[in-house]
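Chemist: structure for this input, please:
(4 chains)
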Amino acid sequence: MQTSAERRLDHQTEAPDHFDAIVAADQKVEPRDWMPEAYRKTLIRQIAQHAHSEIIGMQPEGNWISRAPTLKRKAILLAKVQDEAGHGLYLYAAAETLGVDREELVEMLVDGRQKYSSIFNYPTLTWADIGAIGWLVDGAAIVNQVPLCRCSYGPYARAMIRICKEESFHQRQGYEILHTLSHGTPEQKAMAQDAVNRWWYPSLAMFGPPDGDSTHSERSMAWKIKRFSNDELRQRFVDMCVQQAGVLGLRLPDPDLRWNEERRAHDYTQPDYDELMRVIKGEGPCNRQRMAHRRRAHEDGAWVREAARAYAEKQHV
Amino acid sequence: MQTSAERRLDHQTEAPDHFDAIVAADQKVEPRDWMPEAYRKTLIRQIAQHAHSEIIGMQPEGNWISRAPTLKRKAILLAKVQDEAGHGLYLYAAAETLGVDREELVEMLVDGRQKYSSIFNYPTLTWADIGAIGWLVDGAAIVNQVPLCRCSYGPYARAMIRICKEESFHQRQGYEILHTLSHGTPEQKAMAQDAVNRWWYPSLAMFGPPDGDSTHSERSMAWKIKRFSNDELRQRFVDMCVQQAGVLGLRLPDPDLRWNEERRAHDYTQPDYDELMRVIKGEGPCNRQRMAHRRRAHEDGAWVREAARAYAEKQHV
Amino acid sequence: MSDTAALALQLGDDALIAAQRLAEWCSRAPEMEEDIALANIALDQLGAARLFLTYAGEATNRTEDDLAYLRDDREFRNALLVELDNGDFAVTIGKLLFLAVFQRLRYESLAKGPDRRLAEIAAKARTESAYHAEHAALWTVRLGDGTDESHQRMQAAVDALWPYTHELFEGDAADLRRPWLAEIERTLGEATLTRPADGWAPSGGRVGVHTEELSKLLAEMQVLHRAHPGATW
Amino acid sequence: MSDTAALALQLGDDALIAAQRLAEWCSRAPEMEEDIALANIALDQLGAARLFLTYAGEATNRTEDDLAYLRDDREFRNALLVELDNGDFAVTIGKLLFLAVFQRLRYESLAKGPDRRLAEIAAKARTESAYHAEHAALWTVRLGDGTDESHQRMQAAVDALWPYTHELFEGDAADLRRPWLAEIERTLGEATLTRPADGWAPSGGRVGVHTEELSKLLAEMQVLHRAHPGATW
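Modeler: As a prediction, this is how the structure comes out:
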């Protein structure tokens, strides 16, 4: 009979092979499986950042709930922002399977040690921004996320399947808002075009730096966390948007955007990656505002969470 | 040669006669003069309540500064509310000549030991309320205050002269707002009538309970702090308003209001004095809100006042 | 306006303004689960508001949006309770508890009432209200029987809101106060909170005399709709 | 729109939004004298705004009220600094200090400029700005060199606002930064405050890309005017 120390040793020596085999066979790594520490850390960082993005992402859209132009739109938008909180929860739960606490992760968000998607550091200036976020930002997110449904880490892949389903619903809603605006009054159409003008390049930047400059990418590919390069996904997104913009009757704000017959893809102007770096560094229009908002909510709620804990403890006595 | 103690004794024995003589001769009692303790206390209470009313009175009108319908109206309203702060300051200064501190008085306001005029416990619901407050509330204040310009206590009388001049300017502005509204669109006219409907009876109640129920009144008359009874002033106000309402083209909301040839005055329906008592007791629509607002401003500003004191002390070292 | 339309308007306005206030919590709640729960309740209230307002406007050919976006505060018929500032989480929970228990009782009674349309809407909404009341009661007990601070905040909230509960039972709803009180007193008791004394009973909401807060809430709620008259969204 | 009209619009919008924010303090200031002083400054800003906006609208036949009440935030040209939330009294004083010193320098330069109307308005406004700057400097020093708490709050305000000052010097106003800095650094020094490092420099106000706050400020400011198109007040 083996001692538990021996079993652990066995497990650890056999484990790397087992892990490699799972990944090679396109099967899922599960929480009980051995995994390289770097794989675990990469996943925690990525899933947490993704979860944080859902939570911070509630703010720019939440900004228009009180002012939504019809009750139906108000309900749809509120439900959407609520879904984002839900996505945050699934993702924190997926991260927790890797041996971290949600509370710990939230602390890291609140004190700036972990990041969230830079796209949410741009302001929502008009109602049409709600449409543009749905169409472009959720659209980009979906292009990014669909491959993650096949990610090698099981809990993350399963969370993504659920999230992608809802995201594509959100994207359709955003598209529909823009469609209504662009077929509405001249003021509404102008509002829609203005929003697309402002959100286009930040959406392109959501795919991250160009492949040449991307850190972490290669290893993530090998581990089958990531399946396509930043530039591949960006191209896919551009091609998709061009077609949809036509139906919407809106221009994408890129004079050099055109079909390249040879590449069977659109040529397009790259986003300003220096701007992306500045926004990541904390110098986007709304970084401080988003963080302050999150921090205030967290602090203002402290007494409530404490009360809930105290009450729960009394019930267990 | 007299000792100072003897002089003081002399002063005190001679003083009551001197005080009575001043009052009888319709001259002014000044801070240096001896005065009965009850006279002093009555004045402090009355002047402080008057000062508090100016300060609390900033709130209902301040509620519409951000929404004033033109820039000109915004400027006029802001200047008016600012004047009220100024009136508060003159009046606190007048009270201070009677040997109390402003800070002490403000504390008494903030913790509810001293009152302010109940009229400010009604909400301003529309822009027309700004007109109605100017016309009716300032109008009633002027009818109340003009006789105070001849009050026996010098500093109070002089403050009132200055205040009455500004108040009558404010009243004209309110009248003019209502006049513009009542000659504007049907919606504007309806807004004006609605405001007059709501402010009429509370304005009548500003003159206090009917003469039969009025405490303090007789002594104040004898001391020439007060010169007319509550009901005399109320009648004067009604007669004045009837005539002006005609020019405005607005109805006063009293079906029994009519000229009484015999009395050479208008008969009118008395305000609901039970309501007045409830509002004084703290149960008006906005008592808690007004007090909470004042208290918050006071508390939020504490660190600033402290800093100013600390800085001033450093300069004197 | 018929009595039924007037009643539908009142019910719709209560639910609409409650939804607008609850939605202010979105992205600000004390925990993520609660963010979702409050949004859910806001969505339920909004859903009920839409049904009631649609019904209220039919006779006069006005849509739910006409009623929500093109009336000013003097025309709104909600009780003052729902328009009050959210305050801290305890105030929000207090408002919800008082409102939701009332709504549930009212919807139960309407579901048995003579007007078929109102009965249908009420039958659907009462299930939701029961959940809202339960959720609010749970938090009332947690906060009341939690820490010293939470107890004190919850008691302060209940004290501040109590006067505004009287208005709910004006007119036809008078009979509901007794069962409402029974349920509220039970919850307050469980929460180790003191049931405030009755006294000051502000009102006016049902005849359009609101607090100064409502016109500001509406300014924000209606700004976009009003800026584009006749537009489709 | 001519360059002059565009400039007048920018100057008018700075002053108008500053006035709107300052007026929020009315009945809320830390002492009564300060309530009066802030209202005075708001009135000065509002007065200047009216003159600039009247001039800005002449060529296109729009009144000061057309410009103030019938544009949305994408059409406003104020610097972001003036639309930021008032925050605590230290933030308000910091905003006023940075703005008023800038306005005084800008008005001084315009008063000597070629456009007669702008020069006239600027000549009047610069005296007022000098007073505003003095008042703000006085408080900056008092708070900076007052108590520990006030020092910390004033430093935090200066740090938070500093990035937004860069935008003031965009375009034609670039030359003013040096004298502005000299004066601000002197005041900060006297106030025992640290001058923040330059770095992040948010902008966009001059082309109508504002913070999320502005459209909310405008929703409240414009609600009544917009609700009654064409009415006289």
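Chemist: am I right that A:Lys115 sits in a helix?
Modeler: No. The assignment for A:Lys115, made by DSSP: H, G, I helix; E, B strand; the rest coil, is coil rather than a helix.
Chemist: now chain C, which segments are flagged as low pLDDT?
Modeler: By pLDDT under 70, chain C has no low-scoring segment.
Chemist: quick one: name the residues of it near chain B.
Modeler: Applying C-beta under 8 Å from any C-beta of the partner chain, we find that chain C lies next to chain B at C:72-74, C:160, C:199-200, C:202, C:204, C:209-212, C:215, C:219. Every residue, glycine included, has its C-beta placed from N, CA and C.
Chemist: for A:Tyr156, give its distance to A:Ile47.
Modeler: Distance, A:Tyr156 to A:Ile47, by C-beta to C-beta, to the nearest Å: 6 Å.
Chemist: those two: which is more packed in?
Modeler: The residue with more neighbours, out of A:Tyr156 and A:Ile47, is A:Ile47; 29 against 24, by other C-beta atoms under 10 Å in any protein chain shown.
Chemist: how close does that one sit to B:Gly131?
Modeler: In this structure, A:Ile47 lies at 60 Å from B:Gly131, with C-beta to C-beta as the measure.
Chemist: kindly report the same for C:Glu220.
Modeler: Counting by C-beta to C-beta, the gap between C:Glu220 and B:Gly131 amounts to 25 Å.
Chemist: ok, those two, which is more surrounded?
Modeler: The residue with the greater number of neighbours, taking C:Glu220 and B:Gly131 and applying other C-beta under 10 Å, is B:Gly131; the counts read 27 against 17.
Chemist: secondary structure element holding the more buried one?
Modeler: Of the helices and strands defined by DSSP states H and E, B:Gly131 is found in helix B:127-132.
Chemist: next SSE downstream of the longest helix anywhere in chain C?
Modeler: Secondary structure assigned by DSSP state H gives helix C:116-144 as the longest helix of chain C. Past helix C:116-144, further along toward the C-terminus, the next helix or strand under DSSP H and E is helix C:148-165.
Chemist: chain center to that following helix, what's the gap?
Modeler: In this view, helix C:148-165 has its centroid 17 Å away from the chain centroid, taken as C-alpha atoms, centre = their mean, to the nearest Å.
Chemist: quick one, that helix and helix C:116-144 angle?
Modeler: Angle, helix C:148-165 to helix C:116-144, by axes from the mean of the first three to the mean of the last three C-alpha atoms, to 10 degrees: 150 degrees.
Chemist: may I see the buried residues of helix C:148-165?
Modeler: With burial defined by 16 or more other C-beta atoms under 10 Å in any protein chain shown, the residues of helix C:148-165 counted as buried are C:149-151, C:153-155, C:157-158, C:160-165.
Chemist: need the residues that contact it.
Modeler: Residues lying outside helix C:148-165 but in contact with it, judged by C-beta atoms under 8 Å, 6 or more residues apart in numbering or on different chains, are A:303-304, A:306-307, A:310, B:288, C:79-81, C:84, C:87-88, C:90-91, C:93-95, C:98, C:102, C:140, C:142-145, C:188, C:191-196, C:198-202.
Chemist: from D:Met32, how far out is A:Thr126?
Modeler: Distance, A:Thr126 to D:Met32, using C-beta to C-beta: 41 Å.
Chemist: for A:Trp200, same thing?
Modeler: In this view, A:Trp200 and D:Met32 are 52 Å apart by C-beta to C-beta.
Chemist: going by neighbour count, list what's buried in stretch A:255-275.
Modeler: Of all the residues in stretch A:255-275, those buried under the rule 16+ other C-beta under 10 Å are A:257, A:266, A:268, A:271.
Chemist: before we move on, what about stretch A:192-212?
Modeler: For stretch A:192-212, the buried set under the neighbour-count rule, 16+ other C-beta under 10 Å, comprises A:192-196, A:198-209.
Chemist: what do you get for stretch C:80-88?
Modeler: Neighbour-count burial for stretch C:80-88, counted by 16+ other C-beta under 10 Å, picks out C:80-84, C:87-88.
Chemist: of those residues, just say which sits nearest to B:Pro69.
Modeler: Of all the buried residues of stretch C:80-88, C:Glu83 has the smallest distance to B:Pro69: 23.0 Å, by C-beta to C-beta.
Chemist: quickly find the element holding the closest residue to the closest one other than its chain neighbours.
Modeler: Closest residue to C:Glu83 in three dimensions, ignoring its sequence neighbours and counting by C-beta to C-beta, 6 or more residues apart in numbering or on different chains: C:Leu214, at 4.5 Å. The secondary structure element spanning C:Leu214 is helix C:212-227 (assigned by DSSP H and E).
Chemist: angle of that helix against helix D:212-227?
Modeler: Using the same axes, to 10 degrees, helix C:212-227 lies at 80 degrees relative to helix D:212-227.
Chemist: which strands and helices sit next to helix C:212-227?
Modeler: Helices and strands in packing contact with helix C:212-227 are listed as helix C:3-23, helix C:64-69, helix C:80-83, helix D:212-227; criterion 3 or more C-beta pairs under 8 Å, 6 or more residues apart in numbering or on different chains; DSSP states H and E.
Chemist: try 10 Å this time
Modeler: Helix C:212-227 sits against helix A:71-96, helix A:127-132, helix C:3-23, helix C:64-69, helix C:80-83, helix D:212-227, with contacts defined as 3 or more C-beta pairs under 10 Å, 6 or more residues apart in numbering or on different chains; DSSP states H and E.
Chemist: could I get the fourth one in CSV with only the CA atoms?
Modeler: Just to be clear, that refers to helix C:64-69. Output of helix C:64-69 as CSV, limited to C-alpha atoms (Å, rounded to 0.1, in the frame of the first residue of the first chain):
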residue,chain,number,x,y,z
GLU,C,64,-46.7,53.0,-22.3
ASP,C,65,-43.9,55.3,-23.5
ASP,C,66,-46.3,58.3,-23.8
LEU,C,67,-47.2,57.8,-20.2
ALA,C,68,-43.7,57.2,-18.9
TYR,C,69,-41.9,59.8,-20.9
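Chemist: quick one: buried residues of that helix?
Modeler: Along helix C:64-69, these residues count as buried under the neighbour rule (16+ other C-beta under 10 Å): C:64-65, C:67-69.
Chemist: with the third one instead?
Modeler: Residues C:4-5, C:7-23 are the ones in helix C:3-23 that count as buried (16+ other C-beta under 10 Å).
Chemist: can you name every helix or strand that that helix contacts?
Modeler: Packing contacts for helix C:3-23, counted by 3+ C-beta pairs under 10 Å, 6+ apart, involve helix A:71-96, helix C:32-58, helix C:64-69, helix C:80-83, helix C:89-111, helix C:116-144, helix C:212-227.
Chemist: point me to the residue of chain A nearest chain D.
Modeler: Distances from chain A to chain D, computed as C-beta to the nearest C-beta, single out A:Glu283 as the nearest residue at 4.2 Å.
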